[in-house]
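> show me how the following folds:
(2 chains)
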Number of protein chains: 2
Amino acid sequence: MKALEEKILSDGEVLPGGVLKVGSFLNHHMDIKFLMEMGKDMADAFKGDSVTKILTVEASGIAFAVAVANYLGVPLTFAKKNKTSNVSSDTFSASVDSFTHGRTYEITVPKEYISENDRILIVDDFLACGNAIKGLCKIVSDAKATVVGAACAIEKGFQGGGDELRAAGLKIHSLAIVESMDNGKITFRQN
Amino acid sequence: MKALEEKILSDGEVLPGGVLKVGSFLNHHMDIKFLMEMGKDMADAFKGDSVTKILTVEASGIAFAVAVANYLGVPLTFAKKNKTSNVSSDTFSASVDSFTHGRTYEITVPKEYISENDRILIVDDFLACGNAIKGLCKIVSDAKATVVGAACAIEKGFQGGGDELRAAGLKIHSLAIVESMDNGKITFRQN
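Sure, this is the predicted structure:
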């Protein structure tokens, strides 16, 4: 999505440690018109996949997930993050290592929110090492439902998570793929 | 909003300790069409107030805030919650006592996301004692911006926070006001 690449170049910030800060427009302070456009673009990529539900992770994935859900016309739910293990018989759960925050947390979804017949589209604002998506895939698998793919606003291609998941057969669509941030200069993967 | 009252009666659960659980349709698992209808209804209530920005609190307020922002055509941002004090020169912050979780947390918003000229609409999924709204009002006040009002999906009228804020002069609009949940029976305030 050309408009997203341009926004990343104009408003994104490369921080030490390989962090790309896009809170000013993507996942913390949001331009609603742009957010809905991103949602429409993403929905177009999955409109033939009979998606029945969107699954994301709190908190930064929720707004983008609402935008995608609006154009696919399907319900959405989000996994909650806990710093400590919070395994319960009423929830599906998975452990996720966070690249940005340098820690492991537990994500959980109430069992009642995913059924075996669901065809789940995983949505997230970022895809780096792919750990959040792997955790969400485990949850969908534990629920005996189907993952139809993963929809990410920004993929950090150089961290390899997206390509690893593609190689494993998962349909991944990212609106912008950052190929390099060396020396603070952002370049995108060409389609 | 009649449809919300009906949804609360059919799908809401009254839990011990005066908690109304509506996660299955409002703030954890969401029917996107219904969510957007609620957003439109709420936007209509504030369309004459020259709102420039929506402010909510993570995580359960974000989806509803996106829906309201979509119909008002204004950007949105959310306050992050921290269990520990996280005061920084780069953020506005406030302490909030949570009724549902029985603890105090700190909410913060980066200073760059609110400017003095902003006319802020506070949006949240729930209004009980009003502590989250008071905390958000403090943040807007610290930013020298203006609060035009507070928009809540469900107000628990019997906890008094909404009426206290109205008495203080704040414009509050709630899509449904639960007047009583005595013995598990939900009744609504008549307009």
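> how about the residues of chain A that lie near chain B?
A:23-24, A:28-33, A:35-36, A:58-59, A:62-63, A:66-67, A:69-70, A:73-78, A:80, A:110, A:112-113 (C-beta under 8 Å from any C-beta of the partner chain). (Each C-beta comes from the backbone N, C-alpha and C, glycine too.)
> right, and residue A:174 touches residue A:125 too?
No: judged on C-beta atoms under 8 Å, residue A:174 makes no contact with residue A:125 at a distance of 10.7 Å.
> those strands in chain A, which residues are they?
For chain A, the strands defined by DSSP state E cover A:13-15, A:19-21, A:29-30, A:53-57, A:76-82, A:91-98, A:103-110, A:119-127, A:146-156, A:172-180, A:187-188.
> of the ones you listed, which approaches residue B:169 most closely?
Ranking the strands of chain A by proximity to residue B:169 (C-beta to C-beta) places strand A:29-30 first, at 27.8 Å.
> quick one: residue A:2 from chain B, how far?
Look at residue A:2 and chain B: by C-beta to the nearest C-beta, to the nearest Å, they are 21 Å apart.
> go on, residue A:3?
16 Å.
> quick one: that residue and residue A:21, what's the gap?
For residue A:3, the distance to residue A:21 equals 19 Å [C-beta to C-beta, to the nearest Å].
> which residues touch the residue nearest the centre of chain A?
Nearest to the mean C-alpha position of chain A, counting by C-alpha atoms, centre = their mean, stands residue A:124 at 1.6 Å. Neighbour list for residue A:124: A:56, A:57, A:61, A:64, A:132, A:133, A:136, A:150, A:151, A:152, A:153 [criterion: C-beta atoms under 8 Å, 6 or more residues apart in numbering or on different chains].
> give the contact list for the closest residue to the first one other than its chain neighbours.
If I follow you right, that is residue A:56. The shortest distance from residue A:56 to any non-neighbouring residue, by C-beta to C-beta, 6 or more residues apart in numbering or on different chains, is to residue A:65 (3.9 Å). Remark: with contacts taken as C-beta under 8 Å, 6+ apart, residue A:65 is in contact with A:54, A:56, A:76, A:78, A:123.
> and whichever helix in chain A runs longest, what's its mean pLDDT?
Secondary structure assigned by DSSP state H gives helix A:32-46 as the longest helix of chain A. The average of the pLDDT scores along helix A:32-46 is 98.
> what of stretch A:176-191?
Averaging pLDDT along stretch A:176-191 gives 93.
> likewise stretch A:125-141?
The average of the pLDDT scores along stretch A:125-141 is 96.
> how many neighbours does residue A:129 have?
Residue A:129 sits with 17 neighbouring residues when counted by other C-beta atoms under 10 Å in any protein chain shown.
> cool, and residue A:31?
Neighbours of residue A:31 using other C-beta under 10 Å come to 18.
> please give me every residue in contact with it.
Neighbour list for residue A:31: A:25, B:75 [criterion: C-beta under 8 Å, 6+ apart].
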